[in-house]
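Enquirer: here is a sequence together with a model predicted from it:
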Amino acid sequence: MNLLLDLSSSATKHYQMPQVLPNHHAFYIVIVEVTWYAWIYTSDVRGAGTDANVYLVVYGNKGKSDEVWLDNESNNFETGQTDNFKIEITDVGRPYKIRIGHDNKNPASAWHLNKVCLVFWFVSRSYIFRQHTKYIGRKLNSIQLCFIIFL
Ligand SMILES: [Ca+2]
């Protein structure tokens with residue numbers, strides 16, 4: 001199934017106010033946002049969980065998203081825990097890479113990430129980004145604060 005063909009029927013379209021060019025021709029900029037679910041799997045190893053604020057950036061064949069901060073009312077990203085977020089991002093096309101990291105805030109900020117699963121809700125298509133080799137943040141004085149993970 002072609003992912004790109006399905007976007008138009010599932011996307012939310014936002015229309016900005018019309019812009020007027022010097023020659024008085026008006027045009028509209030259409031920003032298409034797409035809904036994904038992001039499943040974040042924190043590793044089940046000692047000290048894996050974090051209380052820092054976590055963000056996600058998705059890179060696809062049509063571009064990259066803004067940073068999306070992942071938060072809800074739960075204590076997220078605890079050891080062995082899976083957290084699910086619904087995110088609305090610009091249409092990046094088919095994902096091939098993500099950047100996921102945190103702001104190193106709060107004492108227990110070190111984080112050991114197992115994997116990220118992005119699910120395109122409309123066609124139940126999923127992409128799994130695996131990362132389970134190291135910590136980021138305030139552990140062993142790691143200065144790395146994000147993972148860049150390819151499919
Ligand atoms: Ca936490």
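Expert: Sure thing, it's come through.
Enquirer: tell me, which strand in this protein spans the most residues?
Expert: Among all segments of the chain classified by DSSP state E, the strand with the greatest residue count is strand 30-42.
Enquirer: what residues of the following helix or strand past that one count as buried?
Expert: Past strand 30-42, further along toward the C-terminus, the next helix or strand under DSSP states H and E is strand 54-60. Within strand 54-60, the residues that qualify as buried are V54, Y55, L56, V57, V58, Y59, G60, counting by 16 or more other Cβ atoms under 10 Å. For the C-beta atoms, the positions are set from N, CA and C on the backbone; glycine is no exception.
Enquirer: partner strands of the longest strand of the chain and their direction?
Expert: Paired strands of strand 30-42, with direction, are strand 12-15 (antiparallel), strand 82-90 (antiparallel), strand 111-120 (antiparallel) (DSSP bridges).
Enquirer: ok, back up a step: of all the buried residues of strand 54-60, which comes closest to the ion?
Expert: Distance from the ion was checked for each of the buried residues of strand 54-60 by Cβ to the ion. The minimum falls on V54, at 8.8 Å.
Enquirer: quick one: contacts for the closest one?
Expert: Taking Cβ atoms under 8 Å, 6 or more residues apart in numbering as the criterion, V54 is in contact with I40, W69, L70, D71, N76, F77, I100, G101, H102, W111.
Enquirer: the same query, at a cut-off of 6 Å, please.
Expert: Residues near V54 by Cβ atoms under 6 Å, 6 or more residues apart in numbering: L70, F77, H102.
Enquirer: what sits opposite it in the beta ladder?
Expert: In this structure, V54 has the following beta-bridge partners (DSSP bridges): L70, H102.
Enquirer: and the gap between Y135 and W39?
Expert: Computed with Cβ to Cβ, to the nearest Å, the distance linking Y135 and W39 is 20 Å.
Enquirer: the more surrounded of those two?
Expert: Y135 (19 against 15; other Cβ atoms under 10 Å).
Enquirer: partners of the more buried one in the sheet?
Expert: Assessed by DSSP bridges, Y135 has beta-bridge partners H112.
Enquirer: also F129?
Expert: Going by DSSP bridges, F129 forms beta bridges with V116.
Enquirer: ok, and the helix or strand in the protein with the lowest average confidence?
Expert: Lowest on mean pLDDT, DSSP states H and E among the helices and strands of the chain sits helix 3-10, with a mean of 42.
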